[in-house]
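**Student:** Sequence first, then the predicted structure, then my questions.
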Amino acid sequence: MAQLVIFRHGQSVWNLENKFTGWVDVALSEKGIEEAKAAGVKLKNFCFDEGYASALQRAQKTLQLALEVCGQNHIPLTYNKALNERMYGDLQGLNKADTAAKYGDEQVKIWRRSYDIAPPHGESLKDTAERVIPYFETEIAPKLKAGKNIVIAAHGNSLRALIMHLEKMTPAQILEFEIGTAQPRLYELDTTLNVLKTHNL
């Protein structure tokens, strides 16, 4: 059996400002730093073999801070853009309320919450899944199957793609699934990566 813990990065400065962030590499807010440390407290009884994060600093810093707090900042870490947040295209940097005023609430909801409709020049959740899941299957799944315990810090939509895959959810189910900032979620997996147990820590 292996343990996988996943969590979204702490609040970023653009989360605080209610902006679409996507691939823009913004820092954690002060609250986000505290959230990352609080996640580390929840991980104190775990023993990880390796850690993964996206290529974006908000996920990397969240992982680093959490591991420092739980005393496991010695483990190997891998950063890869396959775990990045979904690319929001022309919406990146725009205030969400202003965007809704410009395009209408319904259109913005479609861009944010539909499975396969992307914002202009951006990615849909389906597009995001098409890079997250192959990376997981190639790089991370073999280690879990070998019994290694893994921790991943990433983003709301890249984690939705992974949760959908692990928990065999439908697109409709995953779009309603909320992922709080820096809220660790534990998976206990058998050697074929069937989920034996999962819950938020």
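**Tutor:** All right, it came through fine. Only a predicted model underlies this, so the values are computations on that prediction, with no experimental measurement involved.
**Student:** quick check, residue 135 in a strand?
**Tutor:** No - going by DSSP: H, G, I helix; E, B strand; the rest coil, the assignment for residue 135 is helix, not a strand.
**Student:** I'd assumed residue 79 was in contact with it.
**Tutor:** No - taking contacts as CB atoms under 8 Å, residue 135 lies outside contact range of residue 79: 11.8 Å. For glycine as for every other residue, the C-beta is placed from the backbone atoms N, C-alpha and C.
**Student:** so what does the helix or strand bottoming out on mean pLDDT in the chain touch, helix or strand wise?
**Tutor:** Lowest on mean pLDDT, DSSP states H and E among the helices and strands of the chain sits helix 171-175, with a mean of 88. In terms of contacts (3 or more CB pairs under 8 Å, 6 or more residues apart in numbering; DSSP states H and E), helix 171-175 is packed against helix 125-135, helix 156-167.
**Student:** Run through who's touching that helix.
**Tutor:** 113, 114, 115, 116, 125, 126, 160, 161, 163, 164 (CB atoms under 8 Å, 6 or more residues apart in numbering).
**Student:** how many other residues sit next to the nearest residue to residue 81 once chain neighbours are set aside?
**Tutor:** Spatial nearest neighbour of residue 81, excluding adjacent residues (CB to CB, 6 or more residues apart in numbering): residue 55 at 4.0 Å. Here the number of neighbours of residue 55 (other CB atoms under 10 Å) works out to 14.
**Student:** Residue 55 touches residue 131, doesn't it?
**Tutor:** No - Residue 55 lies out of contact with residue 131 (CB under 8 Å); the separation is 11.7 Å.
**Student:** what does the host helix or strand of residue 143 contact?
**Tutor:** Using DSSP states H and E, residue 143 falls within helix 141-145. Helix 141-145 has contacts (CB under 8 Å, 6+ apart) with 2, 4, 49, 50, 150, 189, 191, 192, 193.
**Student:** try it again with 7 Å
**Tutor:** Contacts to helix 141-145, defined as CB atoms under 7 Å, 6 or more residues apart in numbering, come from residues 2, 4, 50, 150, 189, 191, 193.
**Student:** Any buried residues in it, and which?
**Tutor:** 141, 143, 144 (16 or more other CB atoms under 10 Å).
**Student:** Check the gap between the second one and residue 38 for me.
**Tutor:** The one in question is residue 143. Distance, residue 143 to residue 38, by CB to CB, to the nearest Å: 27 Å.
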